[in-house]
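> show me the folded form of this:
(2 chains)
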Number of protein chains: 2
Amino acid sequence: MYCKIKDILDGKFDGKEVEIKGWVQNKRSSGGIQFLIIRDGTGFIQSTVHRDKVDKKTFEDAEKITQESSVDIIAIVKKDKRAPNGYELQIKKLKIFQISDEFPIGKKEHGPDFLLSHRHLWLRSPRQVAILRIRDTIIKSGLKYLDDNGFYMVTAPLLTPTCCEDSTTLFETPYFGKKAYLSQSAQLYIEAAIASLAKVFSFGPAFRAEKSKTVRHLTECWMIEPEVAFLDFEGNIKLQEELVTAMIKAVLEKNKKDLDILKRDIKPLKTVEPPFVRISYSEVIDILQKNKFDIKWGEDLGAPHEKFISKQFEKPIIIHRYPVEVKAFYMQPDPENPKVVLCNDMIAPEGYGEIIGGSERIWDVKLLKQRIKKIGISEKAYEWYLDLRKYGSVPHSGFGLGIERVVWWVCKLPHIREAITFPRTLNRLYP
Amino acid sequence: MYCKIKDILDGKFDGKEVEIKGWVQNKRSSGGIQFLIIRDGTGFIQSTVHRDKVDKKTFEDAEKITQESSVDIIAIVKKDKRAPNGYELQIKKLKIFQISDEFPIGKKEHGPDFLLSHRHLWLRSPRQVAILRIRDTIIKSGLKYLDDNGFYMVTAPLLTPTCCEDSTTLFETPYFGKKAYLSQSAQLYIEAAIASLAKVFSFGPAFRAEKSKTVRHLTECWMIEPEVAFLDFEGNIKLQEELVTAMIKAVLEKNKKDLDILKRDIKPLKTVEPPFVRISYSEVIDILQKNKFDIKWGEDLGAPHEKFISKQFEKPIIIHRYPVEVKAFYMQPDPENPKVVLCNDMIAPEGYGEIIGGSERIWDVKLLKQRIKKIGISEKAYEWYLDLRKYGSVPHSGFGLGIERVVWWVCKLPHIREAITFPRTLNRLYP
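Prediction:
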């Protein structure tokens, strides 16, 4: 019976004959036995070919097999305490799809450049497979949480006539005699959709042509961006806490084996539930100054600052109410202190950094015009965005969650480039 | 109690006092009564303000209200057979968030250019809201079907060093001293991921810089692209049938009201279940020739051909086994007739056209190299793709489903531009 390794490891086929199609992850031989670790996309299992239990051709084929060769096997499932996963396959028949050339990865240590140039093959290593699976859970559980809570998925354009935030970090492309820019955020566009559907989110890529070469920047990343009519600052933070909690709970439930492969200590992840740590920007500045950081009130927080704060806590940290000047033009000033805006970043703990940025949005057209004028961007380019404040404007809030940032933290990766299938960075566009 | 119009219409609040936040879709007055149609993102409901049942200020506020003004109301829910949805709200208190400027849409007929230039406002019309909701269902039900059937979501890069299919229709952008091209398909990349996870799919945008100005082309569209190890041509078609059926069933279940608003005859949609109509490319050519189309065997099918075939059937049509020359280089030749490849398009019925293109992929490295050489593209650029055939190559198949194409058909839209939140076409980049 054709089946999946996951189901064998779940005990569904003990003693039965099964058929598996997959790849030979590893091979060793001992006396008259060939040991093959077989991978089929759902898991790994040890398989044996005994010289005296198969016909000659089958054993010879098994001898020919190289790492990463693709095979179709018929085997008996045996419970076996000595096997790495508790089960073993005794192969009866073996069909080879293709004998793999010598696999370039895994015999020795490789540098990151070599691995990234072979990303299409590196993806098969147990560690990368585990990350891919966790990424899958993080995205799907996020989308599920939003669907369960009445959010509609809407789509923001990626080709846009203007920039959203920072005009110096835009990719541009000729567009039939005009210029188009690759979107850095869906936010402004999905703000339009709240008047249709009230609770919306977008899931899609964002592009930043940043020259920075850090462990936490990709030029192409994926975001979930919810936007909600009539939601205030406080409600927005609660939504963020619940969304992130739903993601972490799903990973702890579905990806235990994957977290094991990554040797991820799950204790800190288990503490993730609302309320998260709350701390104002001003308090953060105090803490940083007390710890000899050279930073003044009014300056933006950088990676070293976030990292320091991040290390003080096990739970994610909500840093709220940043100075107007360091944040985007559309953020609502705090009525109790107009020097700061009703925004927050969410900082992942354990030395990681920002995974979310969100805010209440300005919904008064006059104030929004003032802000646009003050920062010196073109009012004409934002005419349609100002329209949203002229025709039935409502208080509203939203945020953007960076998928790779969450994967980076949850998998405790040294570098964000492992958090996406094919990373794009300053020096990396291939494969 | 703060609630949603959907729940009121479901009968959960009959006779109760509720609070609703939303927009005034329409207003008329008659004697001492103001009739407001209120929209809150979950539905529409008629509301009344009686001069003799509210205080003077509330009635005066109601008089001031314009179309699309945003409000917060407290009202009593009344079952009323005369009301458009069976329920009516009797407003007791009224808070105005913002009195809308005169709404530019809806007083008279508008041309498509005007509507597209006001897409951020046009999205609020009942017809556009219905389409957005149906689009949401189509995407989510597709993702759910794949998740339920063991597919992992993986992410293909959008910035790529080479083109996938047609080099004349690529958007390009400077990339730190190199050139990057916007991806036209995730396929080649996710083929790499099947060796990690066996059953994968990507959900994301695709870009085509096509100069064509037709009712079925967008320069930016969204696709679901499944790719499966060990899946053959026949299994691939079954997967397509099941995925599309899951989408249609979900829309029929969740979007009855929206289909009503669009005046969509749902009879043809109800017939959508496997098996779909199957017809070979060669048979299609015969039918077209018998119907006076000037087309020879070996030529690709165009929109008029697809449309003609499409009109002959109520169910979607699988057209299979196209000539090698008109299809992509990676498609597996039919062993029984090497002039054709094991591919298929799926054509939506009722005069619509292609919604899916799929195939078995060539998994023999020699054959793939021959094909690359024959069509004259650079082997060097596809080196990583060829690697997938050197290291554990397996038979595999997949396809790409165009989200907007499905929305276009399911909603029976005259033009595909209504099938996406902010359409991008040859002449349209704003808002």
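
> all strands of the stretch 101-250 of chain A, in order?
A:152-153, A:159-160, A:172-175, A:178-182, A:199-207, A:220-229 (DSSP state E, counting those that start in this stretch).

> what angle sits between the fourth one and strand B:220-229?
Regarding strand A:178-182 and strand B:220-229, their directions subtend 50 degrees when assessed with axes from the mean of the first three to the mean of the last three Cα atoms, to 10 degrees.

> check contacts around whichever residue of the stretch 51-200 of chain A sits closest to chain B.
Closest residue of the stretch 51-200 of chain A to chain B, Cβ to the nearest Cβ: A:Ala198 (2.5 Å). The way it works is simple: take the backbone N, C-alpha and C, and place the C-beta from them, glycine included. Applying Cβ atoms under 8 Å, 6 or more residues apart in numbering or on different chains, we find A:Ala198 in contact with A:228-230, B:22, B:40-42.

> name the nearest residue to it, ignoring sequence neighbours.
Nearest-residue entry for A:Ala198: B:Gly41, 2.5 Å, with adjacent residues in sequence omitted and distances by Cβ to Cβ, 6 or more residues apart in numbering or on different chains.

> for A:Asp40, same thing?
Nearest non-adjacent residue to A:Asp40, counting by Cβ to Cβ, 6+ apart: A:Gly22, 3.4 Å away.

> give the ChimeraX command for selecting the buried subset of the contacts of A:Ala198.
In ChimeraX, this line selects whichever of the contacts of A:Ala198 come out buried by 16 or more other Cβ atoms under 10 Å in any protein chain shown:
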select /A:228,229,230 /B:22,40,41,42
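
> just give me the closest of the contacts of A:Ala198 to A:Leu429.
Nearest to A:Leu429 out of those is A:Val228 (Cβ to Cβ; 36.3 Å).

> hmm, A:Phe399 and that closest one touching each other?
No. Counting by Cβ atoms under 8 Å, A:Val228 sits too far from A:Phe399 to count as a contact (9.6 Å).

> which neighbours do those two have in common?
A:236, A:239.

> next, count neighbours for the nearest residue to A:Gln128 once chain neighbours are set aside.
Spatially, and ignoring its direct neighbours in sequence, A:Gln128 is nearest to A:Trp122 (5.9 Å; Cβ to Cβ, 6+ apart). Number of residues near A:Trp122 (other Cβ atoms under 10 Å in any protein chain shown) recorded here: 21.

> so what pLDDT did A:Trp122 get?
If you check A:Trp122, the pLDDT there is 97.

> right, and it touches A:Phe103 too?
No. Look at A:Trp122 against A:Phe103 with Cβ under 8 Å: they stay out of range, at 10.6 Å.

> what's near enough to touch the residue lying closest to A:Glu242 once chain neighbours are set aside?
Sequence neighbours aside, A:Pro274 is the residue nearest to A:Glu242 in space, at 6.4 Å (criterion: Cβ to Cβ, 6+ apart). The neighbours of A:Pro274, taking Cβ under 8 Å, 6+ apart as the test, are A:238, A:241-242, A:245.

> assign a three-state SS to A:Pro274, would you?
The three-state label for A:Pro274, taken from DSSP: H, G, I helix; E, B strand; the rest coil, comes out as coil.

> look up how far A:Ile224 lies from it.
Distance, A:Pro274 to A:Ile224, using Cβ to Cβ, to the nearest Å: 18 Å.

> about what we covered before: so who does the residue nearest to A:Ala198 touch?
Here B:Gly41 is in contact with A:152, A:194, A:196-199, A:229, B:4, B:22 (Cβ under 8 Å, 6+ apart).

> please enumerate the helices of the stretch 101-250 of chain A.
For the stretch 101-250 of chain A, helices defined by DSSP state H, counting those that start in this stretch occupy the ranges A:112-117, A:119-122, A:126-148, A:187-197, A:233-254.

> the fourth one - contacts with which helices or strands?
Going back to what we said before, that points to helix A:187-197. Packing partners of helix A:187-197 (3 or more Cβ pairs under 8 Å, 6 or more residues apart in numbering or on different chains; DSSP states H and E): strand A:199-207, strand A:220-229, helix A:383-390, strand A:396-402, helix B:119-122, helix B:126-148.
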